[in-house]
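> The amino acid sequence is not available; the structure is as follows:
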């Protein structure tokens, strides 16, 4: 390695790399992406092309990437040192996924994580805060529960849209079940067909239980999923329409009052069961407001939830099912 020459990674580049390596994503995909990008961008001698890295042995790939990272951190690139965090990360990835021997080579790296801990600030994403907590040599789940770190994960929720991703954690928190303290990861797939694709992929690789939440009109999609459900998984089909349709009308009205400061007639007299989204689209249009956006409205709803009474029975049932998964 004495002939190796690198362009040092900046602090931001190191943080981005660590962030990508510790996100919830299939191990092989994220490690290959990070290691290849680092080598292509920052290894000056020897130089490699993408196609050369695509056929390179995983152990060699990891060795070159760790050299760039450790050199950038200004630490000794030899094999000595404290690699307890590397061991914990390897154990965690194997706890999450079914990994073959080739992927183990990517995890058997000698990246000096301890040298990078000072870069992780208070405003870092939860996965990086969790990474920093590993350096404290405390029990991981205890640290997660104490500081709401989300990681290590215990279960995964796959839902259709952003509304569920924004509101389910907040409803759960009010009901006394904090997603981040209990290692619950929620993933909005972007539509019912994407939910099926994502479940197929995750269930074939992931060891954790998966909770699938679908709108009422996704019966056919739920039937596609059911044959591949493992004993640890669960699927839930909404009883009415979309997630917005199971929000209490009183909460919708309270949110609209917050958004417009004026409602001429009660929302309860205008919303039909299973048609809340249609009502909201018309409401925003007729009031001369901007186009109704689910994510923005969900954010406003989140700001206006204050007590258990503002959570519908179906939402409570969903949270309880997730809790018991």
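Structure's in. What do you need? Remember, predicted model here, so these are calculated numbers, not experimental data.

> how near is residue 150 to residue 118?
Note on residue 150: its distance to residue 118, by Cβ to Cβ, to the nearest Å, is 22 Å. Using the backbone N, CA and C atoms, a C-beta is placed for each residue, glycine as well.

> Out of these two, name the residue with the larger neighbour count.
residue 150 (23 against 10; other Cβ atoms under 10 Å).

> Show me where this protein has its strands.
Under the criterion DSSP state E, the chain carries strands at the ranges 5-6, 43-45, 155-159, 184-188, 210-214, 234-237.

> Mind checking those for the one nearest to residue 145?
With Cβ to Cβ, the closest approach to residue 145 among the strands of the chain belongs to strand 184-188: 12.1 Å.

> Burial check on residue 173, number of neighbours?
The tally of other residues near residue 173 (other Cβ under 10 Å) stands at 16.

> okay, the closest residue to it other than its chain neighbours: pLDDT?
Across the structure, with Cβ to Cβ, 6 or more residues apart in numbering as the measure, the residue nearest residue 173 apart from its sequence neighbours is residue 179 (7.3 Å). For residue 179, the model assigns a pLDDT of 98.

> Quick check, residue 179 in contact with residue 150.
Yes: applying Cβ atoms under 8 Å as the test, residue 179 and residue 150 come out as touching, 7.1 Å apart.

> got any residues that touch both of those two?
Listed contacts common to residue 179 and residue 150 are residue 185; contacts here mean Cβ atoms under 8 Å, 6 or more residues apart in numbering.

> Just give me the neighbour total for the spatially closest residue to residue 137 that is not a sequence neighbour.
Nearest residue to residue 137 in three dimensions, chain neighbours excluded: residue 84, at 7.4 Å (Cβ to Cβ, 6+ apart). Other residues within reach of residue 84 by the criterion other Cβ under 10 Å amount to 13.

> And residue 84, how far from residue 72?
As defined by Cβ to Cβ, residue 84 lies at a distance of 21 Å from residue 72.

> try residue 296
According to Cβ to Cβ, residue 296 stands 40 Å off from residue 72.

> Neighbour count for the two, which is higher?
More neighbours surround residue 72 than the other of residue 296 and residue 72, with 21 against 15 (other Cβ under 10 Å).

> ok, now which ones touch the more buried one?
Contacts were defined as Cβ under 8 Å, 6+ apart; by that measure residue 72 touches 6, 8, 9, 13, 14, 42.

> Let me know whether residue 105 touches residue 62 as I believe.
Yes: the pair residue 105 and residue 62 passes the contact test of Cβ under 8 Å, sitting 6.2 Å apart.

> if you count what's nearby, which of those two comes out ahead?
When residue 105 and residue 62 are compared for neighbours, residue 62 comes out ahead with 21 against 17, by other Cβ under 10 Å.

> Look up the closest residue to that one, ignoring the ones flanking it.
The shortest distance from residue 62 to any residue other than its chain neighbours is 4.4 Å, reached at residue 109 (Cβ to Cβ, 6+ apart).

> Perfect, I'm done here.
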